[in-house]
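# Just need the structure, nothing else, for what follows:
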Amino acid sequence: VNDFPFGAPRFIQRAAGYKATLCNGDFVLRDDELTGARPGRILRSS
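As a prediction, this is how the structure comes out:
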């Protein structure tokens with residue numbers, strides 16, 4: 001697909017995965033593995 005102006009090539013970057021995901025200061029995901037931590041809470045509509 002060439003839909004950029006002047007026939008410019010499309011930029012593509014492959015994803016390698018996340019190193020870490022934190023929630024409330026606790027690691028939930030580290031080196032693409034779940035840690036088992038559940039620091040969040042469920043938000044319910046009022």
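
# in this structure, which residue is closest to the centre?
The centre of the chain sits closest to Tyr18, judged by C-alpha atoms, centre = their mean, with a distance of 6.2 Å.

# Which residue comes closest to it once chain neighbours are left out?
Beyond its immediate neighbours in the sequence, the residue positioned closest to Tyr18 (C-beta to C-beta, 6 or more residues apart in numbering) is Leu29, lying 6.2 Å away. Just so you know, the C-beta spots here come from the backbone N, C-alpha and C atoms, and that holds for glycine as well.

# can you give me the strands in this protein?
All strands of the chain, identified by DSSP state E, fall at 20-23, 26-30, 33-34.

# Show me the strands paired with the second one, marking each as parallel or antiparallel.
Pairing partners of strand 26-30, with direction, according to DSSP bridges: strand 20-23 (antiparallel), strand 33-34 (antiparallel).

# List the contacts of Ala20.
Phe27, Leu29, Arg30, Asp31 (C-beta atoms under 8 Å, 6 or more residues apart in numbering).

# so how many other residues sit close to the third one?
Which is Arg30. 14 (other C-beta atoms under 10 Å).

# ok, now the last one?
Neighbours of Asp31 under the rule other C-beta under 10 Å: 10.

# picking up where we left off before, out of the strands paired with strand 26-30, the one nearest Arg44 is which?
Arg44 sits nearest to strand 20-23 of all the strands paired with strand 26-30, at 17.9 Å, using C-beta to C-beta.

# Report the buried residues of the closest one.
Of the residues in strand 20-23, none is buried by neighbour count under the rule 16 or more other C-beta atoms under 10 Å.

# circling back to that earlier point, tell me how many other residues crowd the residue nearest to Tyr18.
Neighbourhood size, Leu29 [other C-beta under 10 Å]: 16.

# same thing with Phe27?
For Phe27, the count of nearby residues is 16 (other C-beta under 10 Å).

# Give the closest residue to it in space, chain neighbours not counted.
Thr35 (5.1 Å).

# hmm, back to that, tabulate the contacts of Ala20 in JSON lines, adding columns for distance to Arg10 and pLDDT.
Listed next are those as JSON lines, based on distance: C-beta to C-beta, whole Å; pLDDT from 0 to 100:
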{"residue": "Phe27", "distance to Arg10": "35", "pLDDT": "94"}
{"residue": "Leu29", "distance to Arg10": "30", "pLDDT": "89"}
{"residue": "Arg30", "distance to Arg10": "33", "pLDDT": "91"}
{"residue": "Asp31", "distance to Arg10": "31", "pLDDT": "87"}
